[in-house]
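Q: Fold the following and give me the result.
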Amino acid sequence: MKTDAQLKTDVTHELEWDPSVNATNVGVAVKNGVVTLTGHLETHAEKDAVERIVQRVQGVQALAVELDVKLAP
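A: Prediction:
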């Protein structure tokens with residue numbers, strides 16, 4: 001089983017690797033295998049992509065999404 005620090009590193013690397021999201025706008029916190037995502041994204045598609053990316057990381061027990069979508073005026 002991965003430690004929370006290892007899991008955070010894996011999730012962060014996976015987000016940075018995927019070109020469909022801007023990882024600089026996503027905060028990642030991990031406690032007891034539960035990944036919490038925070039931040040502001042530009043589109044709902046990007047939010048959906050972030051969720052899919054994190055769910056494919058091995059070791060994620062649960063996902064708490066606290067991401068906001070800030071649409072351009």
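Q: ranges for the strands of this protein?
A: Secondary structure of the chain by DSSP state E: the strands cover 26-31, 34-41, 62-69.
Q: can you tell me which residues contact residue 5?
A: With contact taken as C-beta atoms under 8 Å, 6 or more residues apart in numbering, residue 5 is in contact with residue 30. Using the backbone N, CA and C atoms, a C-beta is placed for each residue, glycine as well.
Q: picking that back up, can I get the strands of the chain in CSV with distance to residue 11, mean neighbour count and mean pLDDT?
A: Output for the strands of the chain, formatted as CSV (distance: least, C-beta to C-beta, whole Å; neighbours: other C-beta atoms under 10 Å; pLDDT from 0 to 100):
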stretch, distance to residue 11, mean neighbour count, mean pLDDT
strand 26-31, 5, 17, 96
strand 34-41, 6, 17, 96
strand 62-69, 10, 12, 95
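Q: Generate a markdown table for those, with distance to residue 4 as supplementary columns.
A: Listed next are the strands of the chain as a markdown table, based on distance: least, C-beta to C-beta, whole Å:
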| stretch | distance to residue 4 |
| --- | --- |
| strand 26-31 | 4 |
| strand 34-41 | 9 |
| strand 62-69 | 13 |
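Q: so how many other residues sit close to residue 45?
A: The number of residues packed near residue 45 is 12, by other C-beta atoms under 10 Å.
Q: before we move on, what about residue 44?
A: Around residue 44 there are 11 residues (other C-beta under 10 Å).
Q: Please determine how far residue 71 is located from residue 27.
A: 20 Å (C-beta to C-beta, to the nearest Å).
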